[in-house]
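Trainee: A structural model of the following input is requested.
(chains A and B)
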Number of protein chains: 2
Amino acid sequence: MQDVFRYIDENQNNYLEQLFVFLRQPSISTQNLGVKECADLLMNILKDSGAEAEIFQTPQHPIVIGHIRNKAASRTLLVYGHYDVQPPEPLDLWETPPFDPTIRNGRIYGRGVADNKGQLFSHIKAAEAIIRVRGKTSSNITFLFEGEEEMGSPNLGPFIQDHKDLLKADACLVSDGSRHSSGRPTIFCGLKGILYLEITAKGANRDLHSMHAAMIPSPVWKLVHGLASLKAENGTVLIPGFYDRVRKPTETELQVIHDIPNLAADVRQMLKVKTFLGGDDAYYYNMFFSPTCNIAGIEAGYTGLGAKTVLPCKAFAKIDFRLVPDQNPDEIYGQIKHYFETQGLVDIEIIKHSELMPSRTPIDHPYVQLIKTAINYATGEEPIIFPSMGGSGPDYLFTGVLGLPSVWLPLSPHDSNNHAPNENIFIEDLFKGMKIGSTIIEWMGEKSNYMTKKRGDVKKLKNSKDELKRENK
Amino acid sequence: MQDVFRYIDENQNNYLEQLFVFLRQPSISTQNLGVKECADLLMNILKDSGAEAEIFQTPQHPIVIGHIRNKAASRTLLVYGHYDVQPPEPLDLWETPPFDPTIRNGRIYGRGVADNKGQLFSHIKAAEAIIRVRGKTSSNITFLFEGEEEMGSPNLGPFIQDHKDLLKADACLVSDGSRHSSGRPTIFCGLKGILYLEITAKGANRDLHSMHAAMIPSPVWKLVHGLASLKAENGTVLIPGFYDRVRKPTETELQVIHDIPNLAADVRQMLKVKTFLGGDDAYYYNMFFSPTCNIAGIEAGYTGLGAKTVLPCKAFAKIDFRLVPDQNPDEIYGQIKHYFETQGLVDIEIIKHSELMPSRTPIDHPYVQLIKTAINYATGEEPIIFPSMGGSGPDYLFTGVLGLPSVWLPLSPHDSNNHAPNENIFIEDLFKGMKIGSTIIEWMGEKSNYMTKKRGDVKKLKNSKDELKRENK
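Mentor: Numbering: from 1, shown residues only, chains lettered A, B, ... in the order given. Here you go, the predicted structure:
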């Protein structure tokens, strides 16, 4: 791959120029600001890089699809990313304007440079470099770039369901999120699912003087008792059936925990947390394998300064459950409703706001091994393998719906300030990303060194596709 | 008393003119708007009405004291009221400007007309009418008017403690609050105490992405579990010792519940409440005799639109306990702190915001009987006797600190909109208030019909002063 790497190194200024044009185009999906213009720009970047490209309309923001095809290639890599960005506010906390990308101390600062324009750009340029140097890529590549990730990807699922043929592939690669705080490259082999609920308890038809609390049942107490019934003080979720489908980690998955530099004590110190749930040793186990039940918000009555004595007429809470395979958000939603009914909490309204299925690719899957070896080959660094992110994302669409092994390989540092002012990425990491990407693309092809040396693994890759689909269903 | 009543009837226009001047002067204590000017005005009203009057400075707003003395009189009536008012906002909901009193359909509309300027004005004019007609009053009268009631009376307690001699009296009369919704005159023989707490649970030193909920204990759950441990789902307060000092209602107090028109079903219908705690029959029992533990406010994390997934770093709640004799807010504060400690909830910070002792005057006290008979004599109406208000106020300062029997006798209708736009009072009720007030003042004197006819009661009134002091300590 040294020929391709040399080309990448020689074209650094060229890449930065193109990336900066991409970054200067706002594409704030929640504010419908510049998204269409950015989709057009991205389509042109794909075309200029040697891909066929096409825009698909959705009910809101367009999806951009790119194809790099080689009739001789037997495998296809699906690359997912998103070109929409978070709103830049609060503007006064930015050291340089969010849509005027600026280089300082080896990093590019600008909205979307890490989340996710810079990262997806690296993979486009990885493919382009191979084409420029070798004339063609050893595997086919399909780029799937959406413009609604920061809105919760409302139309990505339906699009994928409707375009399974278009998106047919052998594996999926996503560069989004951030690396382990040690700075080492990090491979995430899964994401947690999510169930986001809004729970409301109602009392009288108006707020009342709190003297009425002697006579009138309070919706705040109803909510507090309802919430307390969801989770024991020791953290155990009390919803009957909640843990039934939790998949036990494999021996291999448990083993990798020991290979990860355990920074739990540092994190505790930084966040001023006395103890982690289960202690420092349980830090990574919980991050990868434990589902959560978190109160993201709660509100009732008067919470300003001073003493207002009010019996509130309404209380509500937002709750997010992070789910692990093979928990199913829909099923858990049903369990909660049933549980509240059996407790007589019939007056509490539970609304499902959003959900995502959990997803996991086995860490001993040959595709994961390919990624791992490619990173080491391209950068000389030894990646850390995470069986799962602690967070959630649409990974199940790739593993469960499309049946692909999928890894998330962030190029951003842990302090890239995603969703915050002064978002940034190291310039160097963008070029490393191109080298990693090009290595993966070439090695995916049957003629690559990696694959020809390990025919058994190729077979396993193909077989495991069905297994994976089963596992994630 | 017909001579005095006639004088009152003949001077109605005169009274309204004077009252309107008083109402036009804003006196918003929380905004420090016009309070000093209003104190001066009130002092002059007292002087013009035949009282000696004096202003006492406090750390914030002045207390106005008035005395009407008759050397021959052996008893003194203490009349408490407050000349400060609530802020008038929201202004756009007022049909006529808050500080431009206006008459519509037999009611005066204006800020403070009910709470409490109009009501205290009635008692000043009651005394004045007696002086104008009879040259002197049969009992001495001490007017105690503060300018901080709407701020929670921070300086009233210390002032009373420091001026026991100045405030020496035989009974206390307060016209504040509102009548029973049947419209009948209502006598309240006590007020609940209050303990107002702010409870805060803290987690990490910043809000975090909710994926961290798998590793980091949440202060919101800590608060929810702490709150849930305070009260059972059936409404029973679980703090050990909480009910120990709750005084059992007397047979007489229980009896009066049956004499009160039970409007519980109407109230339920109006407020759209399915069931009252303990059912409709328990409505008045709970209002008078049951302490409460109410969550007045709770807040944590994100409560806006949409799904924000955050592990909040802080959660807090405001709680008010309405207390009945002989519960002591300080003691209960200690019980809660101890209870949380025994449960290991040491991270939860509990701050006492404010407190008031509960207070009650026995409904068979001869002073209560005097008030009841005076109302009936002056208005022809049969008053309802409430053993207690459901709300709280500084009554313990009169019963517990000064050792007086005390009744609260509101002149305002139940829909007087206290603390709200379009505050109002019936004109007719102000004049009725003057007649009731003058009757009480004259009957308090030993030479009155009421007292001379019932010497036994007079003795009891004197003796019971010590008993009352004991009961409320």
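
Trainee: and A:Leu144, what does it touch?
Mentor: By CB atoms under 8 Å, 6 or more residues apart in numbering or on different chains, A:Leu144 lies in contact with A:Ile63, A:Ile65, A:Leu78, A:Val79, A:Tyr80, A:Gly81, A:Ile160, A:Leu167. (Each C-beta comes from the backbone N, C-alpha and C, glycine too.)

Trainee: Now tabulate those in JSON lines and tack on neighbour count, pLDDT and secondary structure.
Mentor: As requested, the contacts of A:Leu144 are exported to JSON lines (neighbours: other CB atoms under 10 Å in any protein chain shown; pLDDT from 0 to 100; DSSP: H, G, I helix; E, B strand; the rest coil):
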{"residue": "A:Ile63", "neighbour count": "22", "pLDDT": "98", "secondary structure": "strand"}
{"residue": "A:Ile65", "neighbour count": "22", "pLDDT": "98", "secondary structure": "strand"}
{"residue": "A:Leu78", "neighbour count": "21", "pLDDT": "98", "secondary structure": "strand"}
{"residue": "A:Val79", "neighbour count": "26", "pLDDT": "98", "secondary structure": "strand"}
{"residue": "A:Tyr80", "neighbour count": "28", "pLDDT": "98", "secondary structure": "strand"}
{"residue": "A:Gly81", "neighbour count": "25", "pLDDT": "98", "secondary structure": "strand"}
{"residue": "A:Ile160", "neighbour count": "21", "pLDDT": "98", "secondary structure": "helix"}
{"residue": "A:Leu167", "neighbour count": "21", "pLDDT": "98", "secondary structure": "coil"}
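
Trainee: Could you save the residues you listed as TSV and add columns showing distance to chain B?
Mentor: As requested, those are arranged in TSV below (distance: CB to the nearest CB, whole Å):
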residue	distance to chain B
A:Ile63	22
A:Ile65	27
A:Leu78	25
A:Val79	24
A:Tyr80	20
A:Gly81	20
A:Ile160	21
A:Leu167	27
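
Trainee: Which residue ranges make up each domain of chain A?
Mentor: What automatic domain parsing lists as the domains of chain A is A:2-191+A:358-471, A:193-246+A:291-356.

Trainee: just to confirm, which helix or strand has the nearest residue to A:Pro240 once chain neighbours are set aside in it?
Mentor: Of all residues not flanking A:Pro240 in the chain, A:Tyr339 sits nearest, at 6.1 Å (CB to CB, 6 or more residues apart in numbering or on different chains). Using DSSP states H and E, A:Tyr339 maps to helix A:329-342.

Trainee: Around chain B, which positions in the stretch 51-200 of chain A sit nearby?
Mentor: Neighbours of chain B within the stretch 51-200 of chain A, by CB under 8 Å from any CB of the partner chain: A:Gly152, A:Lys192, A:Ile194, A:Tyr196.

Trainee: For chain B, state which of these is nearest.
Mentor: Of all these, chain B sits closest to A:Tyr196, with 4.5 Å by CB to the nearest CB.

Trainee: low-confidence ranges in the stretch 301-450 of chain A?
Mentor: Per-residue confidence for the stretch 301-450 of chain A (pLDDT under 70) gives these ranges: A:446-450.

Trainee: which bits of it sit near chain B?
Mentor: Going by CB under 8 Å from any CB, the residues of the stretch 301-450 of chain A near chain B are A:301-303, A:306-312, A:315-316, A:318, A:320, A:322, A:353-354, A:389-392.

Trainee: Take those and keep only those in strands.
Mentor: Cross-referencing these against strands under DSSP state E gives A:Gly301, A:Val310, A:Leu311, A:Ala315, A:Phe316, A:Lys318, A:Asp320, A:Arg322, A:His353, A:Ser354.

Trainee: about what we covered before: quick check: the residue nearest to A:Pro240 touching A:Phe242?
Mentor: No. Using CB atoms under 8 Å, A:Tyr339 is not in contact with A:Phe242; the gap is 9.0 Å.

Trainee: In terms of neighbours, single out the busier of the two.
Mentor: Set A:Tyr339 next to A:Phe242 and count neighbours by other CB atoms under 10 Å in any protein chain shown: A:Phe242 wins out with 22 against 18.

Trainee: Tell me who's in contact with that one.
Mentor: Here A:Phe242 is in contact with A:Pro291, A:Gln327, A:Ile332, A:Gln335 (CB under 8 Å, 6+ apart).

Trainee: Repeat that for A:Ala53.
Mentor: Here A:Ala53 is in contact with A:Leu42, A:Met43, A:Asn44, A:Leu46, A:Lys47, A:Val64, A:Ile65, A:Gly66, A:His67, A:Phe143 (CB under 8 Å, 6+ apart).

Trainee: which SS state does it fall under?
Mentor: Taken by DSSP: H, G, I helix; E, B strand; the rest coil, the conformation at A:Ala53 corresponds to strand.

Trainee: and of the residues of the stretch 51-200 of chain A next to chain B, the nearest to B:Ile371?
Mentor: A:Tyr196 (58.9 Å; CB to CB).

Trainee: quick one: that closest one is in a strand?
Mentor: Yes. Judged by three-state DSSP, A:Tyr196 forms part of a strand.

Trainee: That one is in contact with A:His353, isn't it?
Mentor: Yes. At 4.3 Å, A:Tyr196 counts as touching A:His353 under the criterion of CB under 8 Å.

Trainee: correct me, but A:Phe289 touches A:Pro387?
Mentor: Yes. A:Phe289 is in contact with A:Pro387 according to CB under 8 Å; the separation is 7.4 Å.

Trainee: Common neighbours of the two, please.
Mentor: Common neighbours of A:Phe289 and A:Pro387 (criterion: CB under 8 Å, 6+ apart): A:Pro249, A:Glu253.

Trainee: Comparing the two, which residue is more hemmed in?
Mentor: A count of neighbours by other CB under 10 Å puts A:Pro387 above the other of A:Phe289 and A:Pro387, at 28 against 23.

Trainee: wait, what's in contact with the residue sitting nearest the centre point of chain A?
Mentor: Central residue of chain A (CA atoms, centre = their mean): A:Gly393, 3.8 Å from the mean position. Contacts were defined as CB under 8 Å, 6+ apart; by that measure A:Gly393 touches A:Val174, A:Asp176, A:Gly177, A:Leu191, A:Leu356, A:Trp408.

Trainee: Now that we have these, which of them are buried?
Mentor: Neighbour counting by 16 or more other CB atoms under 10 Å in any protein chain shown classes A:Val174, A:Asp176, A:Gly177, A:Leu191, A:Leu356, A:Trp408 among the contacts of A:Gly393 as buried.

Trainee: Determine the set of other helices and strands touching the helix or strand hosting the fourth one.
Mentor: Here A:Leu191 sits within strand A:190-191, counting by DSSP H and E. Counting contacts by 3 or more CB pairs under 8 Å, 6 or more residues apart in numbering or on different chains; DSSP states H and E, the secondary-structure elements packed against strand A:190-191 are strand A:359-360, helix A:395-396.
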